[in-house]
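In: Return atomic coordinates for the entry below.
(2 chains)
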Amino acid sequence: DQQVKQNSPSLSVQEGRISILNCDYTNSMFDYFLWYKKYPAEGPTFLISISSIKDKNEDGRFTVFLNKSAKHLSLHIVPSQPGDSAVYFCAASAWGNDMRFGAGTRLTVKP
Amino acid sequence: IAGITQAPTSQILAAGRRMTLRCTQDMRHNAMYWYRQDLGLGLRLIHYSNTAGTTGKGEVPDGYSVSRANTDDFPLTLASAVPSQTSVYFCASSDSNGQGSGYTFGSGTRLTVV
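Out: Got it, this is the predicted structure:
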């Protein structure tokens, strides 16, 4: 029962363009959403989060958008850089103890 | 360097053997977690601990046990390993429920059960 879904296993974009990574969830009790970035042979690292009371959170080149009615969130990276190439995991939690992760999207940014 | 240390980095284990994956954090975080990462499934929570002395079951707890004798250590034990437990295991910690600043993850243990 995957409550958090990332339907695109991979995404390739050109350096300087926008990367848009998508995530859908099914549990309406989720109240906090996060994005993590993972390089090979390393653990995931926290990137950005958003509370369910907001619809947008921005941190430098990274912006997360939340559409509660559609149970959908997205991560925008602009401009994309080759160093952004990694696997991105979407995560969601209700009360924090049971954070659920999506399957991940592998982003490749081509120079 | 503050963070989470996991050991071993990788291990090949015969089915039926007992194995303990070690996890130590030096950030004095209250909460700790164990996840397994499998292709196409992302990270799934095995067990968690909100504070020393307490533990809870996650999404996929069967075949695993944990203990939290102190703040820093959160070992994961496979009592009798089976091939389906072949996976990459990540330990994580957070200072509260981890919602605001996320979890801090270790580098993982790659376990192969043969």
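In: Nearest residue to residue 35 in space, ignoring adjacent ones along the chain?
Out: You didn't say which chain, so I picked chain A. A:Leu47 (4.5 Å; C-beta to C-beta, 6 or more residues apart in numbering or on different chains). The C-beta positions use only the backbone N, C-alpha and C, and glycine is treated the same way.
In: I was thinking of chain B, sorry if that wasn't clear
Out: Closest to B:Tyr35 by C-beta to C-beta, 6+ apart is B:Leu43, at 4.2 Å.
In: Same check on A:Tyr36?
Out: Closest to A:Tyr36 by C-beta to C-beta, 6+ apart is A:Pro44, at 3.9 Å.
In: Tell me if I'm right that the residue nearest to B:Tyr35 and A:Phe89 touch.
Out: Yes: counting by C-beta atoms under 8 Å, B:Leu43 touches A:Phe89, with 6.7 Å between them.
In: Give the residues shared as contacts by these two.
Out: A:44, A:101 (C-beta atoms under 8 Å, 6 or more residues apart in numbering or on different chains).
In: Neighbour count: the two, which is higher?
Out: A direct count of neighbours by other C-beta atoms under 10 Å in any protein chain shown for B:Leu43 and A:Phe89 places B:Leu43 higher, at 30 against 24.
In: which SS class is that one?
Out: strand (DSSP: H, G, I helix; E, B strand; the rest coil).
In: Would you enumerate the residues in contact with it?
Out: Here B:Leu43 is in contact with A:44, A:89, A:91, A:101, B:35-37, B:90 (C-beta under 8 Å, 6+ apart).
In: For B:Ser87, which residues are in contact?
Out: Applying C-beta under 8 Å, 6+ apart, the residues near B:Ser87 are B:36-38, B:111.
In: If we use 6 Å, what do you get?
Out: Shown in contact with B:Ser87 (C-beta atoms under 6 Å, 6 or more residues apart in numbering or on different chains): B:36, B:38.
In: which residue is nearest the centroid of chain B?
Out: Per C-alpha atoms, centre = their mean, the C-alpha nearest to the average position across chain B is that of B:Trp34, at 2.8 Å.
In: who's that one bridged to?
Out: Beta bridges link B:Trp34 to B:His47, B:Cys91, judged by DSSP bridges.
In: low pLDDT regions in chain B?
Out: B:1-2, B:97-98 (pLDDT under 70).
In: Could you list the residues of it in contact with chain A?
Out: With C-beta under 6 Å from any C-beta of the partner chain as the criterion, chain B comes near chain A at residues B:40-43, B:48, B:90, B:97-99, B:102, B:105-108.
In: circling back: tell me the contacts of the residue nearest to the centre of chain B?
Out: Applying C-beta under 6 Å, 6+ apart, the residues near B:Trp34 are B:46-47, B:76, B:91.
In: Now do the lowest-mean-pLDDT helix or strand in chain A: which elements does it pack against?
Out: Among the helices and strands of chain A, strand A:100-101 carries the lowest confidence by mean pLDDT, DSSP states H and E, at a mean of 92. With contacts taken as 3 or more C-beta pairs under 6 Å, 6 or more residues apart in numbering or on different chains; DSSP states H and E, strand A:100-101 sits against strand A:86-93.
In: where's the strand it packs on relative to the chain centroid, distance-wise?
Out: 5 Å (C-alpha atoms, centre = their mean, to the nearest Å).
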